[in-house]
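Need a 3D model of the following:
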Amino acid sequence: MQTPITIRALALVALGTVAACGDTAVEQALMGGGAGAATSIVLDGNVATGAFVGAAANVAYCQKYPTRC
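Numbers count the residues shown, from 1 in each chain. Here you go, the predicted structure:
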């Protein structure tokens, strides 16, 4: 079943706001991994890849901009 593009876009925005959380690198990886996996499910992608990319991206972002996390 195809998801309309507007629902996909809204899901990505919602998941993006959740991704930048966590006080430690482990929490940041878990939050980012969850957001990446959920995004992959919404976009019919590879869940493991989405989780890995989400975790890495969230940790990298939070380490670079700690005041925004």
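
CA atoms for contacts and neighbours, from now on please.
OK.

What helix or strand is the residue nearest the centre of the chain located in?
Nearest residue to the geometric centre of the chain (C-alpha atoms, centre = their mean): Ala35, 3.0 Å. Ala35 is located in helix 25-42, with elements delineated by DSSP states H and E.

ok, then the element right after that helix?
Remark: after helix 25-42, the chain's next helix or strand is helix 47-64, criterion DSSP H and E.

Helix 25-42 and that next one, what's the angle between them?
Interaxial angle, helix 47-64 versus helix 25-42 (axes from the mean of the first three to the mean of the last three C-alpha atoms, to 10 degrees): 140 degrees.

Let me have helix 47-64 in CSV, keeping just the CA atoms, if that works.
Provided in CSV are the C-alpha atoms of helix 47-64 (Å, rounded to 0.1, in the frame of the first residue of the first chain):
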residue,chain,number,x,y,z
VAL,A,47,14.9,-0.7,8.6
ALA,A,48,18.4,-1.7,9.7
THR,A,49,20.0,0.9,7.5
GLY,A,50,17.6,3.6,8.6
ALA,A,51,18.4,2.8,12.3
PHE,A,52,22.1,2.9,11.7
VAL,A,53,22.0,6.1,9.7
GLY,A,54,19.6,7.7,12.2
ALA,A,55,21.8,6.8,15.2
ALA,A,56,25.0,8.0,13.6
ALA,A,57,23.4,11.2,12.4
ASN,A,58,21.8,12.0,15.8
VAL,A,59,25.0,11.4,17.7
ALA,A,60,27.0,13.5,15.3
TYR,A,61,24.5,16.3,15.4
CYS,A,62,24.2,16.3,19.2
GLN,A,63,28.0,16.2,19.6
LYS,A,64,28.5,19.1,17.3
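
counting contacts, what elements does it pack onto?
Helix 47-64 makes packing contacts with helix 25-42 when contacts are defined by 3 or more C-alpha pairs under 8 Å, 6 or more residues apart in numbering; DSSP states H and E.

which parts of the helix it packs on are buried?
Residues 25, 28-40, 42 are the ones in helix 25-42 that count as buried (16 or more other C-alpha atoms under 10 Å).

Identify the farthest-apart pair in these.
Greatest spatial distance in the buried residues of helix 25-42: Ala25 and Val42, 25.5 Å, computed using C-alpha to C-alpha.
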